[in-house]
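*Asks:* can't give you the sequence, but here's the structure:
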Ligand code: ADP
């Protein structure tokens with residue numbers, strides 16, 4: 001049983017137009033703990049009708065929310081931020097229960113999620129317009145920024161809180177209203193955040209949460225002419241599908257999709273720093289983040305030493321139930337995720353890779369996989385192309401910088417890339433050539449609310465966080481005043 005200080009945070013209803021409601025037909029879905037399969041709660045299994053009502057409520061609410069001042073909105077967001085931080089322990093406990101990540105990581109995510117709310121509360125007041133020097137004497141040319149309108153958001157299970165605030169906070173700050181469909185695996189974190197938003201004073205209909213049937217809700221969101229923007233974080237195939245569905249209403253889109261992050265270790269790297277960065281970027285959230293290193297490209301001269309040190313460090317990771325003290329790697333989200341990891345490792349071993357650590361399912365249960373390091377991995381193996389989304393580090397070998405850059409860019413994805421070197425000139429050369437939206441140089445952790453998060457190529461469209469993240473929820477309006 002989940003023990004919370006504030007039991008009201010465990011919401012088992014959707015928030016539609018300011019009301020906590022059931023699905024129209026009373027249907028529910030169980031939310032289970034990936035660590036032990038226990039049912040934590042049941043949430044409404046809503047569909048098209050409830051999504052339509054939430055959109056209609058958002059449309060009504062937009063008519064007044066758009067006219068609030070940036071300072072009024074910032075004030076409410078600031079209160080929401082404070083309430084989220086005050087409930088950090090409960091929100092983290094809910095997250096670990098429904099998602100599996102270690103409690104310390106869940107607490108860290110709550111701080112990170114709150115940081116987006118604070119950041120956009122501040123940025124809302126700086127959405128300046130422009131006055132353009134006019135080409136004609138009798139004209140004044142002005143550009144203003146306006147909220148896009150009603151927005152929709154679809155979020156994944158790997159960051160059940162941060163992906164919600166990263167979309168909802170800029171929308172609200174810009175003066176938009178928003179309807180959220182959280183991942184079916186992790187709706188409780190989203191509902192708890194919504195509860196705190198209501199307590200903070202977010203008016204009815206400004207922020208709704210609809211849990212339930214992904215494709216039915218997604219179809220209504222994409223097809224609705226009222227919804228002017230859709231923001232999605234998830235897999236590339238679903239992103240492509242939503243992009244197609246949004247074409248008929250020419251919606252604005254933000255897509256944060258899959259990645260295939262390279263982690264390059266050059267001969268001149270600080271090897272201990274590289275190992276520490278590798279552990280952070282690979283095994284955080286059991287390897288289930290879209291910016292997790294997917295391919296370790298290691299130069300010939302340092303390969304064996306790096307491999308040995310990484311395998312030793314991986315041996316020190318503590319696998320277990322995320323709620324237990326000292327655990328650093330929790331379960332994967334479900335048995336399908338484990339099956340995929342198993343298949344990728346099997347393919348690599350069948351084609352000549354060697355296991356340096358792990359390499360099998362963990363004895364803890366069916367959602368667990370051992371933190372793994374594979375050596376002698378080649379381009380012929382499936383791990384070179386596919387997102388692993390699990391605790392497996394495949395080590396590829398390269399000879400020189402040109403080969404490393406070519407290998408790194410040899411993918412349809414372009415989200416995050418990392419490299420370790422102590423050569424200053426190389427830092428700039430390689431940073432420039434990597435076809436990625438985010439590059440970590442001598443660091444394995446790049447996410448922060450103050451910087452633009454997003455990808456190139458098939459990894460998506462748009463940026464979240466930073467001042468650009470607010471921009472994505474605003475339209476430019478050019479006003480030409482003639483006859484002056
Ligand atoms: P993952 O593999 O991380 O679960 P998905 O892309 O399947 O990635 O899921 C990310 C989010 O997209 C979740 O909220 C999920 O419910 C939602 N989703 C999945 N399929 C659809 C769809 N056809 N339409 C709308 N949303 C969808």
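*Replies:* Yes, it's here. Fair warning: this is a prediction, and the values are worked out from it, not measured in the lab. Residues are numbered from 1 along each chain as shown.

*Asks:* quick one: the helices in this structure?
*Replies:* 48-65, 70-86, 88-99, 103-123, 162-174, 187-200, 214-223, 236-247, 271-283, 300-315, 335-350, 401-409, 424-433, 466-471 (DSSP state H).

*Asks:* and the ones you listed, which is most packed in?
*Replies:* Of the helices of the chain, the one with the most neighbours on average (mean count of other Cβ atoms under 10 Å) is helix 162-174, at a mean of 30. In short, each C-beta sits where N, CA and C put it, glycine included.

*Asks:* near the ligand at all, that one?
*Replies:* No: contact between helix 162-174 and the ligand, assessed by Cβ under 6 Å from any ligand atom, is absent, since the two come no nearer than 9.2 Å.

*Asks:* for that helix, packing partners?
*Replies:* Taking 3 or more Cβ pairs under 8 Å, 6 or more residues apart in numbering; DSSP states H and E as contact, the helices and strands that helix 162-174 lies on are helix 70-86, helix 103-123, strand 150-154, strand 177-181, helix 187-200, strand 227-233, helix 466-471.

*Asks:* relative to the ligand, which of these is closest?
*Replies:* The closest approach between the ligand and any of those, judged by Cβ to the nearest ligand atom, belongs to strand 150-154 at 4.8 Å.

*Asks:* what's the distance between that closest one and the middle of its chain?
*Replies:* Taking the mean C-alpha point of strand 150-154 and that of its whole chain, the gap between them comes to 15 Å (Cα atoms, centre = their mean, to the nearest Å).

*Asks:* need the pLDDT of the residue in the stretch 1-150 of the chain positioned nearest to the ligand.
*Replies:* Per Cβ to the nearest ligand atom, the residue of the stretch 1-150 of the chain with the smallest distance to the ligand is residue 51, at 10.4 Å. Residue 51 is assigned a pLDDT of 98 by the prediction.

*Asks:* what's near enough to touch it?
*Replies:* Contacts for residue 51 (Cβ atoms under 8 Å, 6 or more residues apart in numbering) come out as 179, 181, 210, 216, 217, 220, 221.

*Asks:* wait, the third one sits on residue 14?
*Replies:* Right, the one you point to is residue 210. Yes: taking Cβ atoms under 8 Å as the contact criterion, residue 210 and residue 14 are neighbours in contact, 5.4 Å apart.

*Asks:* so which residues on the stretch 101-250 of the chain come close to the ligand?
*Replies:* Taking Cβ under 6 Å from any ligand atom as the criterion, the stretch 101-250 of the chain approaches the ligand at residues 154-156, 181, 183-184, 214-215, 218, 234-235, 238, 241-242.

*Asks:* what pLDDT does the closest residue to residue 11 other than its chain neighbours get?
*Replies:* By the measure of Cβ to Cβ, 6 or more residues apart in numbering, the closest residue to residue 11 outside its immediate chain neighbours is residue 191, 3.8 Å from it. The score at residue 191 is 98. That number is its pLDDT.

*Asks:* how close does residue 191 get to residue 225?
*Replies:* To residue 225, residue 191 is 28 Å away according to Cβ to Cβ, to the nearest Å.

*Asks:* kindly report the same for residue 393.
*Replies:* Counting by Cβ to Cβ, the gap from residue 393 to residue 225 is 47 Å.

*Asks:* which of those two has more residues huddled nearby?
*Replies:* residue 393 (31 against 11; other Cβ atoms under 10 Å).

*Asks:* hey, what's that one bridged with?
*Replies:* The residues paired with residue 393 through beta bridges, assigned by DSSP bridges, are residue 373.

*Asks:* show the contacting residues for the most centrally placed residue in the chain.
*Replies:* For the chain, residue 163 is the residue whose C-alpha lies nearest the centre (Cα atoms, centre = their mean; 4.7 Å). If you count contacts by Cβ under 8 Å, 6+ apart, residue 163 has them with 155, 156, 233.

*Asks:* buried ones among those?
*Replies:* Among the contacts of residue 163, those classed as buried by 16 or more other Cβ atoms under 10 Å are 155, 156, 233.

*Asks:* per-residue confidence at the residue lying closest to residue 27 once chain neighbours are set aside?
*Replies:* With sequence-adjacent residues excluded and distances taken as Cβ to Cβ, 6+ apart, residue 27 is closest to residue 45, at 4.1 Å. We note a pLDDT of 98 for residue 45 in this prediction.

*Asks:* show me how this structure divides into domains.
*Replies:* Here the chain is described, according to the TED database, as comprising the domains 7-257+459-480, 262-441.

*Asks:* what is the end-to-end distance of the first one?
*Replies:* Taking Cα to Cα, to the nearest Å as the measure, domain 7-257+459-480 stretches 55 Å from start to finish.

*Asks:* the last one now?
*Replies:* Taking Cα to Cα, the first and last residues of domain 262-441 lie 12 Å apart.

*Asks:* do stretch 170-184 as well
*Replies:* Between the opening and closing residues of stretch 170-184 there is a gap of 23 Å (Cα to Cα).

*Asks:* can you check stretch 173-181 too?
*Replies:* With Cα to Cα as the measure, the first residue of stretch 173-181 is 19 Å from its last.

*Asks:* distance from the chain centre to it, please.
*Replies:* Per Cα atoms, centre = their mean, the centroid offset for stretch 173-181 relative to its chain is 17 Å.

*Asks:* pLDDT below threshold where in this structure?
*Replies:* Across the chain, not a single residue meets the criterion (pLDDT under 70).

*Asks:* swap the cut-off to 90 and go again
*Replies:* Across the chain, the stretches falling below the confidence threshold (pLDDT under 90) are 1-2.

*Asks:* which residue packs closest to residue 142, ignoring adjacent ones?
*Replies:* With Cβ to Cβ, 6+ apart as the measure, residue 479 is the residue that lies nearest to residue 142, at 4.7 Å, once sequence neighbours are left out.

*Asks:* revised request: answer the last question for residue 476.
*Replies:* Counting by Cβ to Cβ, 6+ apart, the nearest residue to residue 476 once its immediate chain neighbours are dropped is residue 143, at 5.7 Å.

*Asks:* list the contacts of the closest residue to residue 252 other than its chain neighbours.
*Replies:* Excluding the flanking residues, the one nearest residue 252 by Cβ to Cβ, 6+ apart is residue 229, at 4.0 Å. With Cβ under 8 Å, 6+ apart as the criterion, the residues that contact residue 229 are 148, 149, 151, 152, 176, 251, 252, 253, 254, 472, 473.

*Asks:* swap in residue 259?
*Replies:* 290, 291, 292, 294, 387, 413, 414, 415, 416, 455, 459.

*Asks:* among those residues, which lie within strands?
*Replies:* For those, the ones inside strands are 294, 413, 414, 416, with DSSP state E as the criterion.

*Asks:* make a PyMOL selection of the buried ones in these.
*Replies:* This is how PyMOL selects the buried members of those, with burial counted by 16+ other Cβ under 10 Å:
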select buried, resi 294+413+414+416
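
*Asks:* okay, how far is it across stretch 463-472, tip to tip?
*Replies:* Counting by Cα to Cα, you get 7 Å between the two ends of stretch 463-472.

*Asks:* neighbouring contacts of it?
*Replies:* Defining contact as Cβ under 8 Å, 6+ apart, one finds that stretch 463-472 is touched by 116, 119-120, 123-124, 126-127, 166-167, 170, 173-174, 229, 231, 252, 254, 256, 437, 448-454, 462.
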